[in-house]
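Colleague: model this:
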Amino acid sequence: MAWLQVRLNTRADLAPAAENLLLELGAVSVTLQDNADQPLFAGAEPEEKLWQETRVSGLFPADTDLAQLRADLPEPYRGAVQVEILEDKDWEREWMQHYQPRQFADGLWLCPSWLTPPDPDAVNIMLDPGLAFGTGTHPTTAMCLGEIAARLNPGARVVDFGCGSGVLGIAALLLGAADLLATDTDPQALAATWANAERNQVGAGSLTVCHPDKLVGDEQADLVVANILAGPLCELAPVLTAMLTPGATLLLSGILREQVDMVRSAYSLDLGIAREEDGWVALVGRFEEVSTA
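Modeller: Prediction:
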């Protein structure tokens with residue numbers, strides 16, 4: 001059957017009321033979307049969890065009396081309501097078509113778990129897009145995967161700070177890392193990392209997943225990766241630097257080009273721009289032990 005999609009454009013503070021209104025009028029589902037190209041980042045405060053300009057869309061059966069529906073809407077919405085007829089589709093399959101295998105380096109692919117890898121002999125990270133950040137579609141994830149493939153030494157100890165879906169750490173394990181510590185403040189990210197590690201048959205005996213509060217302070221690694229945001233990266237500089245063994249590599253991303261100097265100033269390492277894509281930057285530095293002689 002076909003469906004009617006009814007859209008209301010509103011503000012963040014009015015979006016919950018608009019959502020409840022559409023449900024009361026018979027919507028079988030309601031979704032909230034950005035209506036002004038405003039990014040939201042993980043860790044936002046509760047009052048920042050909705051876009052300032054929010055589009056509220058309700059899905060109604062095709063036989064809904066549209067004239068009555070308009071009449072039942074409060075006056076502020078009647079002139080602004082938008083209606084679209086949606087054809088009947090297999091919506092799960094439609095969603096899945098947006099994700100295709102992608103190559104990030106020679107012999108390194110990220111592939112949705114429902115598809116066959118294009119190169120069976122390559123290192124293939126099998127991943128399901130989910131709630132946790134890190135599907136390979138964002139430039140910061142792509143840049144980090146490329147740098148890990150280029151810089152990782154077999155047998156390395158790796159820390160993925162702000163692990164999201166776990167894709168960066170799982171790539172490291174598949175590429176030959178010996179141990180991985182994955183940490184994130186989001187419980188959904190920790191669960192996603194475990195699930196994705198199991199899907200890729202890695203982690204048995206070599207993977208530790210925990211909240212940052214559970215770190216004991218003596219974790220050491222040959223490669224520390226943090227793909228989060230510039231502000232948290234600055235705040236975490238002492239923590240991330242303390243994890244580096246002499247000669248270790250620090251890989252940072254989630255940084256806009258105009259934020260590079262701010263992040264660099266927070267670290268004692270010499271951080272260079274390794275990659276840049278769509279206004280985002282990946283910084284890399286090497287930790288050298290300070291002589292006490």
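Colleague: where in this protein is pLDDT low?
Modeller: In the predicted model of the chain, residues 1, 34-52, 78-80, 87-98, 129-134, 289-293 satisfy pLDDT under 70.
Colleague: residue ranges for the helices of it, please.
Modeller: Defined through DSSP state H, the helices belonging to the chain, from first to last, are 15-24, 66-72, 75-78, 91-96, 139-151, 167-174, 187-199, 230-235, 237-242, 260-265.
Colleague: mind putting these into CSV with distance to Leu250 and mean neighbour count?
Modeller: Quick note: C-beta positions are derived from backbone N, CA and C, even for glycine. As requested, the helices of the chain are exported to CSV (distance: least, Cβ to Cβ, whole Å; neighbours: other Cβ atoms under 10 Å):
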stretch, distance to Leu250, mean neighbour count
helix 15-24, 40, 17
helix 66-72, 56, 12
helix 75-78, 51, 12
helix 91-96, 36, 10
helix 139-151, 11, 21
helix 167-174, 13, 27
helix 187-199, 20, 19
helix 230-235, 10, 17
helix 237-242, 6, 16
helix 260-265, 11, 15
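Colleague: could you dump those helices into a markdown table and include distance to Glu276?
Modeller: Formatted as a markdown table, these follow (distance: least, Cβ to Cβ, whole Å):
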| stretch | distance to Glu276 |
| --- | --- |
| helix 15-24 | 35 |
| helix 66-72 | 49 |
| helix 75-78 | 44 |
| helix 91-96 | 31 |
| helix 139-151 | 8 |
| helix 167-174 | 18 |
| helix 187-199 | 26 |
| helix 230-235 | 14 |
| helix 237-242 | 21 |
| helix 260-265 | 9 |
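Colleague: for Gly58, which of those is the nearest?
Modeller: Evaluated over these, closeness to Gly58 peaks at helix 15-24, with 3.4 Å, by Cβ to Cβ.
Colleague: quick check: which helices or strands does that closest one pack against?
Modeller: strand 3-11, strand 29-34, strand 53-61 (3 or more Cβ pairs under 8 Å, 6 or more residues apart in numbering; DSSP states H and E).
Colleague: let me know which of these is the nearest to Leu108.
Modeller: With Cβ to Cβ as the measure, strand 29-34 is the member of those nearest Leu108 (31.5 Å).
Colleague: so which of the helices of the chain comes closest to Asp106?
Modeller: When those are compared by Cβ to Cβ, helix 139-151 sits nearest Asp106, at 7.7 Å.
Colleague: what's the closest one packed up against?
Modeller: Based on contacts counted as 3+ Cβ pairs under 8 Å, 6+ apart, the elements that helix 139-151 packs against are strand 102-105, strand 108-112, helix 167-174, strand 221-227, strand 244-256, strand 272-277, strand 280-286.
Colleague: helices or strands next to the third one in the packing?
Modeller: Contact analysis of helix 167-174 by 3+ Cβ pairs under 8 Å, 6+ apart lists strand 108-112, strand 123-127, helix 139-151, strand 157-161, strand 179-183, helix 187-199, strand 221-227 as its packing neighbours.
Colleague: one step back: which stretch among the helices of the chain comes nearest Asp278?
Modeller: The closest of the helices of the chain to Asp278 is helix 139-151. By Cβ to Cβ, the value is 4.7 Å.
Colleague: could the helices and strands packed on helix 15-24 go into a markdown table alongside distance to Glu147 and mean neighbour count?
Modeller: Formatted as a markdown table, the entries for the helices and strands packed on helix 15-24 read as follows, by distance: least, Cβ to Cβ, whole Å; neighbours: other Cβ under 10 Å:
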| stretch | distance to Glu147 | mean neighbour count |
| --- | --- | --- |
| strand 3-11 | 40 | 19 |
| strand 29-34 | 30 | 14 |
| strand 53-61 | 36 | 19 |
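Colleague: out of those strands, nearest to Asn20?
Modeller: Closest approach to Asn20 among the helices and strands packed on helix 15-24 (Cβ to Cβ): strand 29-34, 8.6 Å.
Colleague: list the contacts for Pro154?
Modeller: Going by Cβ atoms under 8 Å, 6 or more residues apart in numbering, Pro154 touches Leu175, Gly176, Ala177, Ala178.
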